[in-house]
Every structure is written in structure tokens, then in C-alpha cells.
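What follows is a predicted structure for the sequence shown.
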Amino acid sequence: MRKVYTRPRLLKRVPFHYCPGCGHSVVHRVMTELIDEMNLGDRIIGIPPPGCSVFAYHYFDVDMAESAHGRGAAVATGIKRAFPEAIVFTYQGDGDLAAIGTAETIHAANRGERITAIFINNAVYGMTGGQMAPTTLSDQVTTTTPYGRDTKIEGYPIRMSEIVALIRGAVYIERTAVNSPANIRKTKKAIRKAFQAQIDDLGFSLVEILSPCPTNWRMTPLESWQWIDKVMTKEFPLGVIKDITGKNDAD
Amino acid sequence: MSGNSTIGEAAIRAGCQCYFGYPITPQNELTEYMAAHLGRKKGCSFIQAESEIAAINMVYGASLVGARAMTSSSSPGISLKQEGISYLAACELPAVIVNMSRGGPGLGSISASQSDYFQATRGGGHGDYRTIVLAPSSGQELADLTHRAFDLADKYQIPVIILGDGMLGQMMEPVEFKHEAPEELPIRGNALRGAKGRPSRIIKTFTSKPTELEEINWSLFRRYQLIRKEETAFETFLVEDAKLIVVAFGIAARIAKGAIKNARTNGMRVGMLRPVTLWPFPSEKVKELAKRTRHFLVFEMNMGQMIEDVQLALEGKGEVSFYGRPGGVIPTPSEVLRVVSRLYHQKGLESGK
């Protein structure tokens, strides 16, 4: 009998602490599978953020170090400059990458740092209890926008991937989601391309992943999957935003 | 050679592989020196970062993978680096941070000041930690202590602060470098280099268990106790028969030395204690001096910060006076001499007791 599904070798054998329906565990699975497939396990270094996914280092069986909130791109820069043989990724939330760490992200991209940012966009601050994120949608209710995000007062959901795409040092940017088997497969493919851009020494790469947070969205896991399709992707359209790697494959 | 360039050359000769900085006066010559001399060196990296915060986090990243890394700034920029210094201390990572300090608070002035003593010696950022703080007072010492800073950082896996000031950075002095840059440094055993032929490794402090974090704090504390015991450094000057001892560090000690020499020619028995490590502070030496000398004059270019450490060390067993000039004002030796003479007479020390 052919084995079609197995636990990734680089995913540690410990239960996830994530809430039911959370996107982090899916992304962790996809990434550990990919790191193994690309044979990067012995030279990859990951930088998880403060937030729910701070514990990513309990799940990824690769070298990892914590970063201060928002500083992932700077930490990754230091790692890559001091140890260029490493493949370096940051794993960052929307508050991390698109609010407090905007400067670090933009300038790492602008220097064309050979690092990869995995950007989890769930439109809220998860671990702190569901406050407004820079990516919170218009009218979305969070604990700090109890009447819904009023764009006149709280500003607009920020499209960070599109901003970074304007930067010359960024070579590959794609927005995906983990709300369906098809989208999960696309996410894995996008991360593969992002890592490949780094391996090929081309520049900065970023994959934004729309990721469900049923707990803070006050939804069931299924409703949160549907909400990504019906609401979130209208503000944050899926697809390749920038690809100047010169490796556009046909499929 | 200017003090700032001296630090740069000494750092390169200590095997510094990475320098990340952000412009701020009065330390720009150091950043420029590293751009010119480290940036194109094989296996080395120089980045003019987008902010002091980014720079210290790049240092953190380089230290994670085992490189000797340095950043430098001046007071307002050092405030921004405190977050990163706290993380370095927490994760037990070596790094060298240079503060060529200037007048504060706020944007302050670009002139030399010593008003960052508290910030440097009390940890500076959040959490219960210390950094080793070295206070050079001459060009030669900038070179020697920069080299020592890298060694201490590696030996104790701790961030080391070099607390200079704007004047030391700008002064031109002849310097002898005692070391050649090493060909290659060994990679620190606990560095992240990818999980090749070994289990994967995590460098972090965050935990949901307070008792785990308590143990980390105890482990740091034990190391700090060891550093106190092994690494406290100071210079004494004419203290043997002194009736009044001036306590001063860095450039203030240099100024005080001139005043003390003149006081001696005027027949006043004045000496000096100069802490070279501000943390650990030479408290034992202060106690020992207090057995023979009752009067201490703390002289700082601030409103009185190190004086608290002197008072703590004395435990009331001596009389402490203070003279300070804050805000970037640089006092002259003759000004300090006037203060010393007045105090000497007020306390009746010339009476030959």
C-alpha cells in the first residue's frame, strides 16, 4: 500500500497548543514538510515572533530563536550577514510585520536581504486577546474596535504585501490562504518559491498567508474558513503580487 | 588617532565580524571607520541600519550565530537600543555596545556628558539583568578596553557596554594597538548554525512557567556574582596618604587627575579612585580606602549618579561630597581644583591630623 500522508519528519511530536481551527498549525505543518522536502533542515534558522506562534520553536525541529516584537527582519538580517550559508526565515503576525515592525520589514526588503518572511495575516492581535491589527477590516469588531473599525478614526486595513512589492530589493511576494485544501497547497508552493529565491541569492521574499483565528473572530472553524473567502480576500486578494525571480513556472 | 576611530580599529583587531550602526553625533567617526575598514573585509559585515533598534537587533542576530558583533551610538540612540540589550542579556548572548554619551535628557546636546551612568549600570532595559560596563578615560584605554570588552562578552556570554563620551570620541591621541586581528575565531559552541549532525537548538527566554524564568534569573544572578568577584577593575592615584579622595570615572577622572596634581603641589594630600568597571562597581576598594581616608569627593559630569554607588559602598563610614556639571558642560581642571581646595579647607584637612 502506498503511504500518501504522514507526519512531517521536522514537526516535533508534541501536541499543538493552538486553538481548534487556528491557521498556525496548518502553516507549521506545511513549512516543516517543505523544509524537509527541500533538504534545508540542517541549515535553516527560524525566527518566530512574540504572539501565539512564539511557541513555533516547540514544533519546528530546526534551529530557532525568539525575537522582540517587530524586529524579526533585523534579527534575520544579522543572522544572514554573519552566516550567509544559512537559510533564514521570520515567522511574523500582522501586528508584528505591519505595525511595530514596518520599518525593519521595509528596510530589510530594500537592502534585498536574502531572507524570507512568512507573514500570518489574521486581522487581529491573537495572543493578547483579539485587539485591532493594522490589517483589521473596515467595520470589523475587535476588542479595541468594539463598534467596528471606523476608517475615519482607526484608518484602513494596510496592504503590506503591496507596499513591500514596490521595493526593489523584494523579488518574490505572494498572498495565499490556508482555508481550503487547494489554498493550503498553493501556500506550500508559494513558500517553496520564496525559499528558492533566497537559495538563488536573488533578494527578499515574503509570503502573506490569510489565516483563520476562530477564537478571536468569535466564529466556528468552518465559519472562519468561509469568512476568509467571503470577506477577507476582498480586501486582501490572493495571488502572486510580485515575482522578478525569472522562474515563472507554467502551472 | 581619534577616540572613535581607535574603538573601530581595536574592535577589528579583536575579531569583530559585524558592525551595525545608525548615525548620531558624537560617535559618527566610529560608524564611518567601520564602513571603511570592516565593510569590505572577508567574512565581515557592515550595515548602516534604518534605526538604532534595527541595529541592535542585527547585533542580536549575528550573536545568535556566533559572530563577534558590535554596535555604537550616543545617549538618545542608546535609549532605543535598550530593548535589544535586554533580549541579549536574557538569551545570554555576547555583544559589545558603545555609548559615546552626550548631554541629556531628551535630545539634549551633542557635548560630552556622563548622565547615562544609571542607565548603563542598572541594566538599562526591562527585566532583572546587568551588563558589564567599562569606562575608558584615554585613547589608549579605549583601545585596550574595546579589546577586553569582546573577550569579556564571550567569556561570560553577556552584553558589554563601553561607556565613553563625546570628548573621548573626538580627542586625538597616540595609541598603541597590542593585538593583530585574528585569522579566524572559533565558533561559539552554543551558536545557531543549523541543526547539522546535532539536535535542533532553541535560543529564547519566553516561558509560560514563572518557575522556569525564575531559574533563568538565578542563573544570570550567579554569573553576575562571579563577574563581581573576578572582573572588578579600578585605578588608584596617590591614595596612600590621602586625606581626601576624589572618585571619578572616564573623562572626568582625566580632568580630576590634573586638579589633583596641582593640589599636591599646593601641599594638599588628595588622591583619586577611578572605577574602570562601573558595573561591577569597586565597592570593596571604596570600603578599604575608607579605613584610612574619611573624606570623599565624587566628581561627575552629571547631577550625581555614581555617588549613589559610593554611598552604598561606604555604608555611612565616610563623608561624601559631590561636584557635578550636567548638560554637556565640560569642567576644567582649575575649576575642579577650586572645589577640591574649598572642601579641603572646609573640612579642616590641612591641619596635619
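It's in.

For chain B, which residues are neighbours of chain A?
B:17-18, B:20, B:45, B:47, B:49-51, B:53-55, B:57-67, B:69, B:83-84, B:87, B:91, B:192-197, B:200-206 (C-beta under 8 Å from any C-beta of the partner chain). For the C-beta atoms, the positions are set from N, CA and C on the backbone; glycine is no exception.

give the contact list for residue 178.
Picking chain A for this. A:23, A:26, A:27, A:30, A:184, A:187, A:209, A:210, A:211, A:212 (C-beta atoms under 8 Å, 6 or more residues apart in numbering or on different chains).

not what I meant, chain B
B:143, B:144, B:147.

quick one: which of the residues you listed has the most company?
residue B:143 (26 neighbours; other C-beta atoms under 10 Å in any protein chain shown).

Could you look up the SS state of that one?
helix (DSSP: H, G, I helix; E, B strand; the rest coil).

Kindly report the same for residue A:174.
strand.

my read: it touches residue A:188, true?
No - between residue A:174 and residue A:188 there is no contact under C-beta atoms under 8 Å: 11.4 Å.

thinking again about what came up before, can you flag the buried ones in the residues of chain B next to chain A?
When the residues of chain B next to chain A are checked for burial by 16 or more other C-beta atoms under 10 Å in any protein chain shown, the buried set is B:17-18, B:20, B:45, B:47, B:49-51, B:53-55, B:57-67, B:69, B:83-84, B:87, B:91, B:192-195, B:200-205.

So residue B:164: helix, strand or coil?
Per three-state DSSP, residue B:164 ends up strand.

Can you report phi and psi for the residue nearest to it when sequence neighbours are not counted?
With C-beta to C-beta, 6 or more residues apart in numbering or on different chains as the criterion, residue B:164 has its nearest non-adjacent residue at 4.8 Å, and that residue is residue B:100. Phi and psi for residue B:100, reported as degrees, to the nearest 10, are phi -90, psi 90.

Now do residue B:100 against residue B:28, distance only.
Going from residue B:100 to residue B:28 by C-beta to C-beta, to the nearest Å gives 9 Å.

anything in contact with each of those two?
With C-beta under 8 Å, 6+ apart as the test, residue B:100 and residue B:28 both reach residue B:4.

Counting neighbours around each, name which of these two comes out higher.
Neighbours per residue (other C-beta under 10 Å) separate residue B:100 from residue B:28, with residue B:100 holding more: 31 against 17.

Count the neighbours of the closest residue to residue A:99 other than its chain neighbours for me.
Nearest residue to residue A:99, sequence neighbours excluded (C-beta to C-beta, 6+ apart): residue A:134, at 4.6 Å. Residues near residue A:134, counting by other C-beta under 10 Å, number 21.

what sits against residue A:134?
Going by C-beta under 8 Å, 6+ apart, the list of residues near residue A:134 reads A:94, A:95, A:98, A:99, A:155, A:157, A:158, A:160.

Kindly report the same for residue A:115.
So residue A:115 contacts A:73, A:76, A:77, A:80, A:88, A:89, A:90, A:108, A:198, A:204, A:205 (C-beta under 8 Å, 6+ apart).

Quick check: phi and psi at residue A:107.
The phi/psi pair for residue A:107 (degrees, to the nearest 10) is phi -80, psi -30.

Is it in contact with residue B:50, as I believe?
Yes - here residue A:107 reaches residue B:50: they are 3.9 Å apart, a contact under C-beta under 8 Å.

Where is the longest helix in the chain?
Unless you meant another one, I'm taking chain A. helix A:181-199 (DSSP state H).

Actually, chain B is the one I wanted.
Chain B, longest helix under DSSP H: helix B:210-231.

what's around residue 32, how many residues?
No chain was given, so I picked chain A. Around residue A:32 there are 21 residues (other C-beta under 10 Å).

sorry, should have said chain B
For residue B:32, using other C-beta under 10 Å, the count is 16.

For the stretch 251-353 of chain B, just list every one of the helices.
Secondary structure of the stretch 251-353 of chain B (DSSP state H, counting those that start in this stretch): helices at B:283-290, B:306-314, B:333-346.

Nearest to residue B:74, out of those?
helix B:306-314 (19.3 Å; C-beta to C-beta).

got the contact list for residue 52?
By default, I'm working from chain A. A:18, A:22, A:24, A:93, A:126, A:127.

Can you look at chain B instead?
Applying C-beta under 8 Å, 6+ apart, the residues near residue B:52 are B:22, B:24, B:71, B:73, B:77, B:78, B:80, B:81.

From those, pick the one nearest residue B:289.
residue B:78 (30.9 Å).

and the closest one, that's in a strand?
No - using three-state DSSP, the assignment for residue B:78 is helix, not a strand.

sorry, back to before: check which helices and strands the longest helix of chain B sits against.
In terms of contacts (3 or more C-beta pairs under 8 Å, 6 or more residues apart in numbering or on different chains; DSSP states H and E), helix B:210-231 is packed against helix B:139-156.

Which residues in the helix it packs on does the neighbour count mark as buried?
So, applying 16+ other C-beta under 10 Å, buried residues of helix B:139-156: B:139-150, B:152-154, B:156.

can you check stretch B:162-178 too?
B:162, B:163, B:164, B:165, B:166, B:167, B:168, B:169, B:170, B:171, B:175, B:177.

got those as CSV, with pLDDT and distance to residue A:2 columns?
Formatted as CSV, those follow (pLDDT from 0 to 100; distance: C-beta to C-beta, whole Å):
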residue, pLDDT, distance to residue A:2
B:162, 98, 63
B:163, 98, 66
B:164, 98, 68
B:165, 96, 71
B:166, 94, 71
B:167, 96, 75
B:168, 97, 71
B:169, 96, 69
B:170, 96, 73
B:171, 95, 75
B:175, 97, 71
B:177, 97, 67
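
Which two of those residues have the greatest separation?
Most distant of these, by C-beta to C-beta, are B:166 and B:177, 22.9 Å apart.

all strands of the stretch 101-250 of chain A, in order?
A:116-121, A:124-125, A:131-132, A:170-177, A:204-210, A:239-243 (DSSP state E, counting those that start in this stretch).

Output those strands in a markdown table; the columns should cover mean neighbour count, distance to residue B:258 and mean pLDDT.
Formatted as a markdown table, those follow (neighbours: other C-beta atoms under 10 Å in any protein chain shown; distance: least, C-beta to C-beta, whole Å; pLDDT from 0 to 100):
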| stretch | mean neighbour count | distance to residue B:258 | mean pLDDT |
| --- | --- | --- | --- |
| strand A:116-121 | 28 | 55 | 98 |
| strand A:124-125 | 26 | 57 | 97 |
| strand A:131-132 | 18 | 58 | 98 |
| strand A:170-177 | 26 | 57 | 98 |
| strand A:204-210 | 29 | 54 | 98 |
| strand A:239-243 | 16 | 63 | 98 |
